[in-house]
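Visitor: Whatever this is, show me its structure:
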Amino acid sequence: MPDTNDPVVIDYFSDMLCIWAFIHHRRIEELARKFGAGIEIRSRYCSVFSDTGEKIGTGWGDRGGYEGYANHVAKVASGFPHIGVNPVAWRDTRPASSAPVHQVLKALDILEADEAGEAAAKIPYLDRLGTRAAWALRVAFFAEGRDIADPSVQGDIMQELGVEPARVFDPALLARAAAALAQDFDLSRKLGVEGSPSMILNSGRQRLFGNVGYRVMEANVEELIHRPSAEEVSWC
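Guide: The predicted structure is shown next:
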């Protein structure tokens, strides 16, 4: 059995262009506020909107294409007052892929880790550059209707966060970020991640997928923090 003082590890997979991940973002942050050092949230990305032309343009072809999908997103968002969706999102502003966004977020993670060294592991989830950037990018697309796959938009957001864009777009850093993103994709396949957002807990034995309420998330974490004894883990 792991040391009971070890934090509960949560591998949190999402796609930056997923409306449910936008909705879910504040819930995972609330989880971090409540449990603090009792949990370790590892931000990871999965490939759901890697080709929006295929997923929406073709996949929603018989349901109105981008226009139909924009209506769907607006309807989903209407039930969640903590977020807003700009009418131009998907209707007029159509990011080609979430992959460039994920790569930039991975670059920010690496940049922060390089600068902080060993102290990087102690940076609270809510204070991480990647956490703040992910929220800013989600707001930029869904609420403001900006194309977050566009490097110029990404650069503007980096500046808003106090990061020099040239550092993030350094070719060597982006190569490392691409490798880190590939690792996320490989892990998502290995763990059988179904889509975005997905929380994987207990070394893959527990998973929460989709629009899961905060209380359910909280209960699952509480259960793992107060682990049963080794005898209770297996009845066979």
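Visitor: Helices of this structure, start to end?
Guide: Secondary structure of the chain, counting by DSSP state H: helices at 19-35, 52, 65-77, 99-116, 129-138, 151-160, 165-168, 171-191, 214-225, 230-233.
Visitor: Mean pLDDT added to the ones you listed, as TSV?
Guide: Formatted as TSV, these follow (pLDDT from 0 to 100):
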stretch	mean pLDDT
helix 19-35	96
helix 52	97
helix 65-77	97
helix 99-116	97
helix 129-138	97
helix 151-160	97
helix 165-168	97
helix 171-191	97
helix 214-225	94
helix 230-233	47
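Visitor: between those, which one is nearest to residue 91?
Guide: helix 65-77 (4.0 Å; Cβ to Cβ). From N, CA and C alone the C-beta is placed, and that goes for glycine too.
Visitor: Output that closest one as PDB, nothing but the C-alphas.
Guide: Output of helix 65-77 as PDB, limited to C-alpha atoms (Å, rounded to 0.1, in the frame of the first residue of the first chain):
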ATOM      1  CA  GLY A  65     -22.200  21.600 -39.700                       C
ATOM      2  CA  TYR A  66     -20.500  24.400 -37.800                       C
ATOM      3  CA  GLU A  67     -23.700  26.400 -37.400                       C
ATOM      4  CA  GLY A  68     -25.500  23.400 -35.900                       C
ATOM      5  CA  TYR A  69     -22.600  22.700 -33.600                       C
ATOM      6  CA  ALA A  70     -22.400  26.300 -32.500                       C
ATOM      7  CA  ASN A  71     -26.100  26.100 -31.600                       C
ATOM      8  CA  HIS A  72     -25.400  22.900 -29.600                       C
ATOM      9  CA  VAL A  73     -22.600  24.500 -27.700                       C
ATOM     10  CA  ALA A  74     -24.700  27.500 -26.900                       C
ATOM     11  CA  LYS A  75     -27.500  25.300 -25.600                       C
ATOM     12  CA  VAL A  76     -25.100  23.300 -23.400                       C
ATOM     13  CA  ALA A  77     -23.600  26.500 -22.000                       C
END
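Visitor: Thank you, goodbye.
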